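# mind folding the following:
(3 chains)
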Amino acid sequence: MKYVAPSSAEEVSRILVGENGISKILAGGTDLLVQMKSGLIEPDLIVDIKKIPETKEIKSMDGGFRIGAAVSGSEVKDHTGLNRLVPGVVEALDLIGSTQIQGRCTMAGNLCNASPAADCVPALAAVEASANIVGPKGNRKCKIEEIPISPGKNSLKQGEFIVSIDIPDRPPHSSDAYLRFTPRTEMDIAVVSAAVALSLTKDGVCENARIVLGAVAPTILFVEDASETLIGTKLDEVSLQKMSDQCEAACNAISDKRGTISFRTEVSGVLAKRAAKIAYKRAGERS
Amino acid sequence: MSPLNNNSQARQFKVIGTRPPRPDGIEKVTGKAQYGADLNVANMLFAKILRSPHAHAKVLSIDTSAAERLDGVKAVITSKDFDRFSSGQPNNILENSIAHQKVLYDGHGVAAVAATSDLIAKSALKLIKVKYETLPHVTDVDKAMEKSAPIVNKGYVLENVPKGHSENVTSYFEFGHGDLEAGFSKAEKIVTRSFKTEATHQGYIEPNACLASMTPDGKADLWCCTQGHYNVRAVCAEIMGMETSQLKVTASEIGGGFGGKTLIYIEPIALALSLKSGQPVKLVMTRDEVFKATGPTVSSSMDVKIGMTKDGKITAGEAKLRYQGGAFPNGTVEMGAQSAFASYDLKAVKTQGWNILTNRPMQAAYRAPGAPQAIYAVESVVDELCEVLNLDPLETRLKNAAKKGTLSSYGPTFDDIGLIATLEAAKNHPHYSAPISKNQGRGLSCGFWFNFGGDTCVTLNVNFDGTIGVTEGNPDIGGSRASISQMAAEEIGIAYEKVRTIIADTNSLGHNEITDGSRVTFAVGLATIKAARAAIKEMCKRAAMIWNIDEEAVRWENGSAIPAGPNAGKFDPLTIEEIAGMSSQTGGPIAGHHEVNAEGAGVSFGVHLVDVEVDKETGSSKIIRYTVFQDAGKAIHPSYVEGQMQGGAVQGIGWALNEEYIYGDDGKLQNPGFLDYRIPVASDLPMIDPVILEIPNPGHPYGVRGVGETSIVPPLAAISNAISRATSIRFSDLPMSPPKVLKAIKDKQRGNG
Amino acid sequence: MSQLHIKSNVNGDDVEFLCEPEETLLEVLRDRLNLTGSKEGCGTGDCGACSVTMNGKLVCSCLVLGVEADNSKINTIEGMADGDKLHPLQQKFLDHAALQCGICTPGILVAAKALLEKNPSPSETEVRYWLAGNLCRCTGYDKIIRAVMDAAEEMRG
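Predicted coordinates for the structure are as follows:
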């Protein structure tokens, strides 16, 4: 196995294209090293992106932020601007693993690993984040939800890698929230999760909503009808229940060692309701 | 001095009952302590084991030639490499470590490699070609009993096993007394329920590890993390065809055991590889190997029937216990059948237990083997009866509690026991009367474990400066070196700091029984006290020599020899320092020793009280408050007694809420890791409040009872009862994971419950 | 398999070592640098027994490659005491009997030290959540939490 740590994004792309065997990007390594230890992956080449300056920065951009692909969870958690703009994204990333994992794990890694239960993907999709990709044919941008295509598989082509993630500015009176269900308080993979991003009028009426569920389908589920149900409301109990039922109806879950189909389905509605209430309260406090 | 000091309660202790720092503490907080995987020696090789991917299969052939040719590989072995040492009798420990004709469970060892690096050993495993013929498998305890079940391992059925089951049912036990039918006819309410529990693992954080060095002359040195290195010596010597004295085993510091490290899994393999390669071999298990190929608990299927009068008297109790313990027979169900009703004074009681084989690894003890399952079932039914009859659960336990003179459900008559004291302590504790909130339930359970003594050897040496060295043979899994030092210091009458206790290798002492059965503070303590008394006798003899008076005219007090009475003569006390300092001139260095198969262990009862809050929309349970009451006889070092109580309670919490072995239809273990085998984390829990009771055990000079195991027994029913009361639903299978709890809540809401 | 030459700084000392690209930092610490205080409990980042700090951040050394230690500052349990003076956390663990078998203790001490450096006044809940990645099977965490809170109080002076 070879290990390289290039200092520019273009060099990474060149090296990836030139590798005939299995090559893997290393940022935090909290998925990669686990998969190597279990024998699931035997890379021929590991390309460490942490020496590339733009992967380590959080930059303000037009009211939003550009987060480098190697920025760790703990750095995101400490970032005041991100906490204010997208607390749901921050709490989603913060839920991944332990404090030790937080010292290393990244949004981009969580995204590219393409687990149906990935924590930050529903939250990023809810706030319409996008990925900046560097490749042999140049740079491109795509929506977060276009990256995971099936469990364990992402849409990046040979030679491509994510160099940063953009979170756009949010309208006034907007916020988000992310909740997940785990049997223990920490350290578990999400059994089911819900991200809700809301924008309100200054009178507290919901004028935009995005509800995204995780771990109830091979990839995240953007529940359009549930999102529309909230629009024009102040999240009264009837609308919330309807939204919850619509979330349950949208689920396409499986039964496995972490949960059953019925459990995931039923709890998705519960979490969507609870996350919506939190997002609503936060949005009301934002000017 | 009488060996049974019945005044132990009245005695004023100076060192016993205090909380001095433990002797191994600084090594452990600085990272210096050496555990099983921490020793490296010159010319050492690294070993890895190839394991079966099938739950049940014939091993048709194993071709190791390509692995042997790989650069850096120094030895490859299979079960055939042990044939030359075999006595002809089957050896289950060996066969569980390395498969013979069949692989019996997912992860069963098949071959092993020793190489110059870990990476090379891993690559070599990939080159070993094994041909399997898969066979039907069975992992569920009830399915394995059916006549149509695949037979896991032939030839183990004992004569007394009742007919009508498959050959996987290998043993049968029955206990009890009285007229069951008459008892049930007196009951005004009878509850019958069936229960199921899944296998759990001790979850020790240190994976099994050893370092073996064996030479062609038949001598070997073995370093390993184990709860009983003398047992390791005995078992490995037999497997390797060695004389006992030729194998020297040293116990490393141990990173948790809880019963799981009483068995042997990898040491014979390391020894065989070392012999074949001519070099020392280090073998460390990975975490998934620990889950797949060491010994979890049994899983169980149980039926319990209890009858009670309207005012809370139990008139009859019956339990049928079916335990599976993997592919080899074990006696755990016997202990389950013995302990099930042990907390109660019953006129009519009957327990039956069946042991069943399945395609799973050989089970091992996990604190109080067999009792958590059986007592979970019994305590759940008692609680249900209390709820249905609207009786206070604590008062009802008190009304039926076993006490001195009770004929126990498993045969012996109890002497002084602490159950009523623990129940009274619980009743009077603020936790019992504290208010609970919406969605919360309060549950309680009694628990019990026998303790035993067993073979114990201790040597106590008096150094020239009057300090003491204690040499004992029991790996310290809970702080016992501190307690042993305290007992030596107390008996001799010197400061704790002047005693140093070590755990010696197998060459230095006679055989010591494993650190299990909650026996160490009791048995090693007892032997230490007797060894101290022997040393004291010798020191009095030396003083008599120095004073030129009769031995009988000298006695020992507060660390000095003094004349026994006014007639003995006027002499200033001779301190231990003075006597020891002159010992070469009075005959030689002074020591005391004691070798015994210790008897007189006393049972330990406990009661746990827990408040649980259930989120009815998700089925999630949260422990709000937890109090542990337990009888320690005499708490030598209260901090370590508390530690046992708290540790066992939290293990029980994990067992009750989340921990389970999950097998797929293919018979493979789906969760062999700490990610999906979910043990409690710090944020899951509140503080665990320990209340120590002391009802002295007459069989120990200071009254000690073993405490290590009892505390895993009550949590299962206590938590189940709490969740039952919070949801008004009776649960009868463990773990009570959120999907199960939510399903039961929803079923009840829909009217199916 | 060709080994890489790495220059790092461990517990304040400059070190150099060779390692395979696939070796983890934990393997390097234990097998190459003879610092066996950090333990492998699982190898997959689920137990925290291998906790170290890397450039001031708490990480699982089993999930860091040895080669990543190049030009980095690593701190392990072996560097926690100052000569013969124990760190207050180490002393409090002894005082409170916050260890039984002790295998998780190095990882928990490193993690607790990192917590108190970031937040000198944590609540009980904050301590529990920070330490959620450090599994202990012996103690039930009670005495560990008490020891950390007591050390925090002493360190606040």
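
# what does the domain assignment say about chain B?
As assigned by automatic domain parsing, chain B contains the domains B:25-33+B:453-598, B:45-135+B:203-293, B:299-451+B:602-750.

# possible to save the ones you listed as CSV with distance to chain C and mean pLDDT?
Backbone N, C-alpha and C define where each C-beta goes, glycine included. What follows is the domains of chain B, written out as CSV (distance: least, C-beta to the nearest C-beta, whole Å; pLDDT from 0 to 100):
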stretch, distance to chain C, mean pLDDT
domain B:25-33+B:453-598, 2, 96
domain B:45-135+B:203-293, 3, 97
domain B:299-451+B:602-750, 3, 96
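
# can you tell me which of these is packed in deepest?
Stretch with highest mean neighbour count among the domains of chain B: domain B:299-451+B:602-750 (a mean of 23; mean count of other C-beta atoms under 10 Å in any protein chain shown).

# could you give the number of residues near the closest residue to chain B within chain C?
Nearest residue of chain C to chain B: residue C:37, at 2.2 Å (C-beta to the nearest C-beta). By other C-beta atoms under 10 Å in any protein chain shown, the residues close to residue C:37 number 25.

# mind checking how far it is from residue B:286?
Going from residue C:37 to residue B:286 by C-beta to C-beta, to the nearest Å gives 20 Å.

# again, but for residue B:409
The gap separating residue B:409 from residue B:286 is 42 Å, by C-beta to C-beta.

# and if you look at residue A:214?
Residue A:214 sits 30 Å away from residue B:286, going by C-beta to C-beta.

# likewise residue A:44?
Per C-beta to C-beta, residue A:44 is found 23 Å from residue B:286.

# same check on residue A:242?
49 Å.

# which residue sits closest to residue A:115, ignoring its sequence neighbours?
Once flanking residues are discounted, residue A:115 sits nearest to residue A:151: 6.6 Å by C-beta to C-beta, 6 or more residues apart in numbering or on different chains.

# please name the residues that touch the one you found.
Contact partners of residue A:151, counting by C-beta atoms under 8 Å, 6 or more residues apart in numbering or on different chains, are A:114-116, A:218-219.

# switch these over to a markdown table; also include secondary structure, pLDDT and neighbour count.
Shown next, in a markdown table, are those (DSSP: H, G, I helix; E, B strand; the rest coil; pLDDT from 0 to 100; neighbours: other C-beta atoms under 10 Å in any protein chain shown):
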| residue | secondary structure | pLDDT | neighbour count |
| --- | --- | --- | --- |
| A:114 | coil | 97 | 20 |
| A:115 | coil | 97 | 18 |
| A:116 | coil | 97 | 22 |
| A:218 | coil | 97 | 15 |
| A:219 | coil | 97 | 20 |
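
# model confidence for the residue of chain C closest to chain B, exactly?
On pLDDT, residue C:37 comes in at 98.

# not counting sequence-adjacent ones, nearest residue to it?
Leaving out its chain neighbours, the residue that sits closest to residue C:37 by C-beta to C-beta, 6+ apart is residue B:31, at 2.2 Å.

# swap in residue B:293?
residue B:107 is the one closest to residue B:293 (C-beta to C-beta, 6+ apart), at 4.5 Å.
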